[in-house]
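my questions are about this predicted structure, shown below with the sequence.
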Amino acid sequence: MNTQNNPIGRVAIVTGANKGIGKEVARKLAQAGLTVLLGSRDERRGTTAAEELAASGLDVRLLQLDVTDAASIAAAHDRVVNEFGHLDVLVNNAAYSGGINKPSEVEVDTMRRVLETNVLGYVAVTNAFLPLLRQSSPPRIVNVSSNWGSFADITDPNYLESPDFFWAFPYAVSKTAINALTVHSANELRDTNIKVNVVNPGLRDTEIAGVPMRGAGDPAGGATHIVEMALLPDDGPTGTLHNDDGTTHYW
């Protein structure tokens, strides 16, 4: 289907969206009037999530997408080209926590899988869809990170109240890398109309931690500012890290 015959307006991809924050981002973007491709590595779970959202009248469609698999990314890209011919919003949300590991005890294979999903997956997906985003007006890229990847936080003795913080080593390192690649991408694209930002959705009650998260908020709250950054006006910022309440966070 070419763009001349395609009545669909703005199109968004949300990776890792079959549950948790990603699913809520998909919901909110669709409620804002976008056609949302719900990215999911697991086709069955993705179908269930997409059908649930579509049943409420939202234009949400499954996009089978494994961010660690080049063939899966290529197939997803080809589908977007053939069905829509353009892409307006990319939300890089897919992530793997790697469990609770201290730096001195983490298995190299665990670290490798975390970085492959959380960092290399972001790079691979963004680079694959960047040509389509360049054709959009206005294109937005939002990377989902964490304050656990903030040097300002992890060097603040008043912040490190729990010894468990150090056990999130693989995840935290991957999010520091996400923050860095966001800045580099934004700098490269600064003279274009593509805005690249990163959002810390806050501590949310999702499955990614693999353990109960005391005091965690609901995933929908974490999705709110991600969606706001995805729908930034032309005079909005680029290359910035934001908290779930919209404030700018120190790197």
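Done, it's in.

could you use CA atoms for every contact and neighbour count after this?
Noted.

now do the same contact list for residue 242.
197, 198, 199, 200, 248, 249 (CA atoms under 8 Å, 6 or more residues apart in numbering).

okay, and the beta partners of it?
Counting by DSSP bridges, residue 242 forms beta bridges with residue 199, residue 248.

for residue 71, see how far away it is.
Using CA to CA, to the nearest Å, we find residue 242 at a distance of 32 Å from residue 71.

filter the contacts of residue 242 to the buried ones?
With burial judged by 16 or more other CA atoms under 10 Å, the buried subset of those is 197, 198, 199, 200, 249.

and the first one, that one's in a strand?
Spelled out, it's residue 197. Yes: counting by DSSP: H, G, I helix; E, B strand; the rest coil, residue 197 is part of a strand.

sorry, back to before: now tabulate the contacts of residue 242 in a markdown table and tack on distance to residue 98 and pLDDT.
Formatted as a markdown table, the contacts of residue 242 follow (distance: CA to CA, whole Å; pLDDT from 0 to 100):
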| residue | distance to residue 98 | pLDDT |
| --- | --- | --- |
| 197 | 24 | 97 |
| 198 | 21 | 96 |
| 199 | 20 | 94 |
| 200 | 18 | 88 |
| 248 | 27 | 87 |
| 249 | 25 | 82 |
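
tell me the one of those nearest residue 110?
residue 200 (23.0 Å; CA to CA).

residues contacting the closest residue to residue 103 other than its chain neighbours?
Ranked by CA to CA, 6 or more residues apart in numbering and with sequence neighbours excluded, the top spatial neighbour of residue 103 is residue 169, at 5.8 Å. Residue 169 makes contact with 100, 101, 102, 103, according to CA under 8 Å, 6+ apart.

redo those residues as a markdown table? Include distance to residue 179 and neighbour count.
Listed next are those as a markdown table, based on distance: CA to CA, whole Å; neighbours: other CA atoms under 10 Å:
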| residue | distance to residue 179 | neighbour count |
| --- | --- | --- |
| 100 | 21 | 19 |
| 101 | 21 | 20 |
| 102 | 21 | 16 |
| 103 | 20 | 13 |
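
what is the most widely separated pair among those?
100 and 103 (10.0 Å).

and stretch 88-108, what's buried?
Applying 16+ other CA under 10 Å to stretch 88-108 flags 88-102, 106 as buried.

quick one: which of the contacts of residue 242 is nearest residue 228?
Closest to residue 228, out of all of the contacts of residue 242 and judged by CA to CA, is residue 199, at 10.1 Å.

I figured that closest one was touching residue 228, is that so?
No: between residue 199 and residue 228 there is no contact under CA atoms under 8 Å: 10.1 Å.

on that earlier part again, distance check, the residue nearest to residue 103 against residue 60.
For residue 169, the distance to residue 60 - CA to CA - is 34 Å.

swap in residue 67?
For residue 67 relative to residue 60 (CA to CA), the value is 19 Å.

do residue 70 as well
For residue 70 relative to residue 60 (CA to CA), the value is 24 Å.

could you pull up the mean pLDDT of stretch 77-96?
The pLDDT scores in stretch 77-96 average 97.

give me the distance between the two termini of it.
End-to-end span of stretch 77-96 (CA to CA): 22 Å.

which residues are contacting it?
With CA under 8 Å, 6+ apart, stretch 77-96 has contacts from 1-3, 6, 8, 10-17, 22, 67, 113-114, 117-118, 122, 126, 128-129, 132-133, 135-144, 171, 208, 230.

give me that answer again for 7 Å
Contacts of stretch 77-96 with the rest of the structure, by CA atoms under 7 Å, 6 or more residues apart in numbering, involve 1-3, 6, 10-16, 22, 114, 117-118, 122, 128-129, 132-133, 135-144, 208, 230.
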